[in-house]
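Student: How does the following fold in three dimensions:
(4 chains)
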There are 4 protein chains.
Amino acid sequence: MRIGVLTGGGDAAGLNPAIRAVVIAADRAGSTVIGLHDGWAGLLEGGQSRTLHASDLEGWLRAGGTLLGSSRTNPLALEGGIDEVLAQATAHQLDALVAIGGDDTLSVAAALCEHGFPVVGLPKTVDFDLAVTEYCIGFDSAVAIVAEACDRLATTGASHHRTMVLEVMGRDTGWLAIMGALAGGADLAVLPEFPMDLGAIVDHALARRAGGHGSSLILIAEGATIEGLETLSDEGSTDAFGHVALARRAVGERLADALAGATGLDTRATALGHVQRGGPPAAADRIWPTRLGVAAVESLMAGTFGVCLGVVSAQPRAVPLGDVVAFQKRVPAELYATFRAVS
Amino acid sequence: MRIGVLTGGGDAAGLNPAIRAVVIAADRAGSTVIGLHDGWAGLLEGGQSRTLHASDLEGWLRAGGTLLGSSRTNPLALEGGIDEVLAQATAHQLDALVAIGGDDTLSVAAALCEHGFPVVGLPKTVDFDLAVTEYCIGFDSAVAIVAEACDRLATTGASHHRTMVLEVMGRDTGWLAIMGALAGGADLAVLPEFPMDLGAIVDHALARRAGGHGSSLILIAEGATIEGLETLSDEGSTDAFGHVALARRAVGERLADALAGATGLDTRATALGHVQRGGPPAAADRIWPTRLGVAAVESLMAGTFGVCLGVVSAQPRAVPLGDVVAFQKRVPAELYATFRAVS
Amino acid sequence: MRIGVLTGGGDAAGLNPAIRAVVIAADRAGSTVIGLHDGWAGLLEGGQSRTLHASDLEGWLRAGGTLLGSSRTNPLALEGGIDEVLAQATAHQLDALVAIGGDDTLSVAAALCEHGFPVVGLPKTVDFDLAVTEYCIGFDSAVAIVAEACDRLATTGASHHRTMVLEVMGRDTGWLAIMGALAGGADLAVLPEFPMDLGAIVDHALARRAGGHGSSLILIAEGATIEGLETLSDEGSTDAFGHVALARRAVGERLADALAGATGLDTRATALGHVQRGGPPAAADRIWPTRLGVAAVESLMAGTFGVCLGVVSAQPRAVPLGDVVAFQKRVPAELYATFRAVS
Amino acid sequence: MRIGVLTGGGDAAGLNPAIRAVVIAADRAGSTVIGLHDGWAGLLEGGQSRTLHASDLEGWLRAGGTLLGSSRTNPLALEGGIDEVLAQATAHQLDALVAIGGDDTLSVAAALCEHGFPVVGLPKTVDFDLAVTEYCIGFDSAVAIVAEACDRLATTGASHHRTMVLEVMGRDTGWLAIMGALAGGADLAVLPEFPMDLGAIVDHALARRAGGHGSSLILIAEGATIEGLETLSDEGSTDAFGHVALARRAVGERLADALAGATGLDTRATALGHVQRGGPPAAADRIWPTRLGVAAVESLMAGTFGVCLGVVSAQPRAVPLGDVVAFQKRVPAELYATFRAVS
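Tutor: Residues are numbered from 1 along each chain as shown, chains lettered A, B, ... in the order given. Reported below is the predicted structural model:
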């Protein structure tokens, strides 16, 4: 069997362990693995690839990001994209494909299956918003990074009696914010799922100070909306010198400014940004990608396609690709309530 | 309500976050929490305790070990121990108890419930061998420490073309060894669940060298048995000078000596020992103890006793105390096979 | 002897180990230590303080920030400030003072000495710009954090073939940027000491891509100036809707935008911000604060005042306070050249 | 110029950054670098080598150990060893050599220089016992590992009210023990330089407990001697069953047993062993090896041989090779006294 493997979408810790497991397990099964570069771009015209051998993988288990490269190229968004992918798969003499990525990548995988090409998926997203699966590659490492940042900001906040605002990833869902808040001991978490009023946040900061706490740590997901917080339009505005307007400012920074203005408290914002994705994988992002990568190859060998290897009840489980991307998993009210109960 | 809380057995990362969650959640519910020192010893005559307030817990989320102290004192092993515990609970005017620990601690908790005293448990063990629950306090942090040790030993092994043997905790089960091996990229894991022959390990080391690998990393659980590996009796022997014999040597050291002798390869042993338990909790050992601690208080408030708050299908779940200690969860053959498939 | 101790200016990792050493050493010498809260504010009217005992310091060696609190309050900038500090010192019956801080804090210390009040200083600054001393409290920990961020950004950059721009602290000097660049493997470092042309940076990014490198990592100090990079005025401008102008954007973000525009390369900015200061001290920020704190007390006991305990030739050394703040230590051309030689 | 580079003796974090700097700097200077495998073995008959290009070094800055391999092979200990090294150097057409290692490696380098072959050295030892230089490759990373182990053992000790004994590297000198003790907050450090009586250690442990401390953390260098502590002969003894005697037990373990016996306190030993050498280099072990590697190439280009590039007054400095190995640098009494002043 000739198996292609690719990683699509934003990079995350745990992709290399997944690729490594696929290559070793396939190699043991007598198959050949072709690593396709830069996500789906590797299966479009001009795409690059290389044969991966088990002996090439020294250090991959411990390496962050993806050594195959990634991109956000989406064949579904390109005229004739799926046909081209199928043609390239034929040109590469691929019998099957392992696609590692989030909803975009897995949606393409599902489309290829509908066209009769055998694909299995592996779930990757630092947003943790794929349905069904209890585990997504990269999320645990990102939570650890956010927790460490909280530890750092907490000591700085306490030293200076400041209100610290930490903005983390999460356009549509607040998984990283809520888990980071639980792990990092934040006293407030602002999530896309539970919009807040600026007034309520101001009240929280003042009440905390009145309650004798010298400092405060507020986590906010980049996609959270706050009623009453002004958003500068990101088009059309010009400054006094006629320059094109600044890009829209991040929500954490705007919240910090508004809080400082309304409370008079020394308030500072930090946006973790790209450091949330990179660096060596946490233990869970080595163990699970390995287990799921092996299961993906077993699935291919057993002729089971059109599935994503996820985690259900703490066990590897093949789930229909469509189910995993059927909806965005959101932070449930119970979890948010648990956080509120200790913060 | 007056709620006692205690931590029993070996210390682990995540105990303080659990205590913190119990105290804050109980405080919000209008209850008082009494921290009992040093496990069940805190509920025996002469035991010590102190009232815990939410405002005393600065830093507890990030602190390793248990700030209440722990011990292996087991009232079930003491004549009249359970009666004394009940008497002390009455003397402290406790309405209920949260007991955090492993099979020993939770067995006492179950016994108290049978005597009509309301207890809920929280599962703690770096051995991960409690039944039913998918999560045990301390295990994830220990896995991270083992994985980091593997990363260190791997570079030393590669630099010197050595066979490195790493002994980790696990008297009866190999969870820490197998997860550490998956996370740390070991090429062999020797577990209590799957006894091996010394000859097979020798063959593995030689085959690996023959296959062009400069080094090898072997994880072994302290309780693993190896057919053909001599065990010095730990009683009766004396050395040439008449001194009492040395304590039994650790299995990792004995394996390394035997391997060196049989293969001629430069072979070194390391026993991680006590560093596996201590230090700041990993993110999972802050998040889950917090969630389970809140759930424990909710359970008490709802009048549900005799349960342990564990994790089932990635959700907090109250499980009968007896079920959690009914048997020792062992590494299943499928997981071991997955490791063998990539090593 | 009654000794006051305070920490002034921005928080840094290593302040608590320094305070701890002062307290324990003074305690052994039969002295009493009064911890003054929030820097010089603790020695102004209404300032707060508490007596510190050796037995209160559990965990201080490992704790980030300053458990005494800090502030940027500068008596030299207040009408009659020095007199008030002297009056408060008398009111507290202080015989001497240990002032831990950067150029502001140590300048006040020098002024007090000129007024006859005995002070010894300890050097603290994550900017590393104090003269004479080879070590400043907090710098090594900050370098470690920047290096770790580089490791993370490097894997993300490589995965996506991006040019990553990392902005670090350093208003006037580029120590953190150059050491971070050396430790983190950046291919360009932009420092206040060595202004660059935007064109040269563009050329670097393009040349690197042409040379076959998939990605680039550029470190820039927050105070670096780039010829040709537009700076939006931070006053007077309004947007199209008449709102008050945005704050001036950080230099890293502006550089990334300009680079993306000029090169067409995918370019992303990250500003580490406040995470550079906080969290547990690195080993050097435990060892040296301890050694210097002990030396500070020895200096007081020996009646040597008006000095700062710094490091010279890898040894603790008492240096006149005035010398340490005489000028801002800047990154020398040789060090910059060394970085250029390997990047 | 054709420059050979090798790493000898025990592996350490920072070797790869040093090699990387040598290769890049030499490459820029138009020279070719030959990487010799496994220390001096690479320059003996049958030794292996490969040409190193700047483009091959992706990831070397962050990689632990030595990617060239190392060994303890010492040509000075082999009949005709130096002549063979010279012959091989000629066969490889080497114009000069960069030798990275400790006293053994640098002694060979000095001998080669006496024979007219140009060598410059770089100082590497986790023992920190080379003379003159303020920095040795690998030491800072090892200190960080020891400090982290102390943090872990301290929480375990406190949880169980135990006396924890941690044995660290240091056959002849106690640098790692004293720096680890300062960084890790040990209350006692036992060094080869300052022999102690078992009775004094027992008194310390008892006094500490009497003083209200629940636990104790004792660091001991593997080469420390304790008057009154029995050492089992490592030759000649047999056990009751006639088996060959066990290897001599580590000093930490013996101390723990003796302490437990004499004090009745719960006492546990841990030997960190090989984890002290491996893993990713700390920031200092990236920065200094880079600076010194560049300086080494500059020295070669300037025709200055027979020197070791060390650090003096916090600057790179070329020191005669003979001076660096002239004597073993030992922990001075002042540093030990500083530790005693805070513990």
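Student: And the strands in chain A, which stretches?
Tutor: Secondary structure of chain A (DSSP state E): strands at A:2-7, A:32-36, A:49-52, A:96-101, A:119-123, A:163-168, A:188-190, A:196-197, A:216-221, A:226-227, A:267-271, A:307-312, A:315-320.
Student: Distance from the first one to the middle of the chain?
Tutor: In this case it means strand A:2-7. Its chain's C-alpha centre lies 21 Å from the corresponding centre of strand A:2-7 when counted by CA atoms, centre = their mean, to the nearest Å.
Student: Could you pull up the contacting residues of the most centrally placed residue in chain A?
Tutor: Centroid-nearest residue in chain A: A:Val126, 1.9 Å away (criterion: CA atoms, centre = their mean). Contact criterion CB atoms under 8 Å, 6 or more residues apart in numbering or on different chains gives A:Gly10, A:Ala12, A:Cys136, A:Gly138, A:Phe139, A:Ser141, A:Ala142, A:Met169, A:Leu176, A:Gln276, A:Arg277 as the residues in contact with A:Val126. For glycine as for every other residue, the C-beta is placed from the backbone atoms N, C-alpha and C.
Student: shaky segments in chain A?
Tutor: Regions of chain A meeting the criterion pLDDT under 70 cover residues A:231-248.
Student: if we go to 80?
Tutor: Judged against pLDDT under 80, the low-scoring parts of chain A cover residues A:230-248.
Student: For stretch A:332-343, which outside residues touch it?
Tutor: A:178, A:181-182, A:186-189, A:191, A:193-194, B:20-21, B:24-25, B:28, B:290-291, B:293-295.
Student: mind redoing it with 7 Å?
Tutor: Contact partners of stretch A:332-343, identified using CB atoms under 7 Å, 6 or more residues apart in numbering or on different chains, comprise A:178, A:181-182, A:186-189, A:191, A:194, B:21, B:24-25, B:28, B:290-291, B:294.
Student: Is chain B within reach of the longest helix seen in chain A?
Tutor: Secondary structure of chain A per DSSP state H: the longest helix is helix A:139-160. Yes - Helix A:139-160 comes into contact with chain B (CB under 7 Å from any CB of the partner chain), by way of A:Val143, A:Ala144, A:Ala147, A:Asp151.
Student: Quickly note the distance from A:Gly80 to D:Ala271.
Tutor: Noted for A:Gly80: a distance of 64 Å to D:Ala271, by CB to CB, to the nearest Å.
Student: So which of these two has more stuff around it?
Tutor: For A:Gly80 versus D:Ala271, neighbours defined as other CB atoms under 10 Å in any protein chain shown are more numerous around D:Ala271 (23 against 9).
Student: Residue of the stretch 201-343 of chain A closest to chain D, please.
Tutor: Closest residue of the stretch 201-343 of chain A to chain D, CB to the nearest CB: A:Pro280 (8.3 Å).
Student: Pop out the phi and psi values for that residue.
Tutor: Phi and psi for A:Pro280, reported as degrees, to the nearest 10, are phi -60, psi 140.
Student: care to break chain A down by domain?
Tutor: Domain assignment of chain A by automatic domain parsing yields the ranges A:2-138+A:279-324, A:139-276.
Student: Quick one: those domains as a markdown table, columns for distance to B:Pro332 too.
Tutor: Rendered in a markdown table, the data for those read as follows (distance: least, CB to CB, whole Å):
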| stretch | distance to B:Pro332 |
| --- | --- |
| domain A:2-138+A:279-324 | 10 |
| domain A:139-276 | 22 |
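Student: so who does A:Ala12 touch?
Tutor: Going by CB under 7 Å, 6+ apart, A:Ala12 touches A:Lys124, A:Val126, A:Ile137, A:Gly138, A:Arg277.
Student: returning to that earlier point: looking at the contacts of A:Val126, which is nearest chain D?
Tutor: In terms of CB to the nearest CB, no member of these lies closer to chain D than A:Ser141, at 15.8 Å.
Student: any idea how far A:Leu57 is from the closest one?
Tutor: On the measure of CB to CB, A:Ser141 and A:Leu57 end up 19 Å apart.
Student: Looking at the two, which one has more neighbours?
Tutor: With other CB under 10 Å as the criterion, A:Ser141 and A:Leu57 differ in neighbour count, and A:Ser141 comes out ahead with 27 against 21.
Student: my guess is that one contacts A:Asp285, does it?
Tutor: Yes - between A:Ser141 and A:Asp285 a contact is recorded at 4.8 Å, counting by CB atoms under 7 Å.
Student: distance between the ends of stretch A:45-53?
Tutor: Terminal residues of stretch A:45-53 are spaced 24 Å apart (CA to CA, to the nearest Å).
Student: Sort out which residues of it are buried, please.
Tutor: Neighbour counts over stretch A:45-53 (16 or more other CB atoms under 10 Å in any protein chain shown) mark A:Gly47, A:Ser49, A:Leu52 as buried.
Student: Return the residues in contact with the last one.
Tutor: Neighbouring residues of A:Leu52 by CB under 7 Å, 6+ apart: A:Val23, A:Val33, A:Gly35.
Student: how many neighbours does the last one have?
Tutor: A:Gly35 is surrounded by 22 other residues when neighbours are defined as other CB under 10 Å.
Student: got a list of what it touches?
Tutor: Listed by CB under 7 Å, 6+ apart, the contact set of A:Gly35 reads A:Val5, A:Ile19, A:Ser49, A:Arg50, A:Leu52, A:Leu68.
Student: Which residue lies closest in space to the second one, excluding its sequence neighbours?
Tutor: Right, the one you point to is A:Ile19. In space, A:Ile19 comes closest to A:Val5 once its chain neighbours are excluded; the distance is 5.8 Å by CB to CB, 6 or more residues apart in numbering or on different chains.
Student: hang on, the earlier thing: dump the strands of chain A to TSV, plus distance to D:Arg340.
Tutor: Written out in TSV, the entries for those read as follows (distance: least, CB to CB, whole Å):
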stretch	distance to D:Arg340
strand A:2-7	55
strand A:32-36	58
strand A:49-52	57
strand A:96-101	56
strand A:119-123	56
strand A:163-168	39
strand A:188-190	46
strand A:196-197	55
strand A:216-221	39
strand A:226-227	55
strand A:267-271	41
strand A:307-312	53
strand A:315-320	55
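Student: between those strands, which gets nearest to D:Ala96?
Tutor: Distance to D:Ala96, taken as CB to CB, is lowest for strand A:49-52 among the strands of chain A, at 37.4 Å.
Student: Okay, now the sheet partners of that closest one, with direction.
Tutor: When sheet partners are counted by DSSP bridges, strand A:49-52 sits next to strand A:32-36 (antiparallel).
Student: Tell me the residue of the stretch 101-250 of chain A that sits nearest chain D?
Tutor: The shortest separation between the stretch 101-250 of chain A and chain D is 13.4 Å, found at A:Asp151 (distances taken as CB to the nearest CB).
Student: Next: the stretch 1-150 of chain A.
Tutor: Distance from chain D to each residue of the stretch 1-150 of chain A (CB to the nearest CB) is smallest for A:Gly59, at 7.3 Å.
Student: So which of the contacts of stretch A:332-343 are in helices?
Tutor: Secondary structure of the contacts of stretch A:332-343 is defined by DSSP H; positions in helices are A:Ile178, A:Ala181, A:Leu182, B:Ala21, B:Ile24, B:Ala25, B:Arg28, B:Thr290, B:Arg291, B:Val294.
Student: Chain C contacts on the stretch 51-200 of chain A?
Tutor: Where the stretch 51-200 of chain A comes near chain C, counting by CB under 7 Å from any CB, the residues are A:64-66, A:69-70, A:149, A:151-156, A:158-161, A:164.
Student: and if we set it to 10 Å?
Tutor: Residues of the stretch 51-200 of chain A lying close to chain C by CB under 10 Å from any CB of the partner chain are A:63-72, A:141, A:145, A:148-162, A:164-166.
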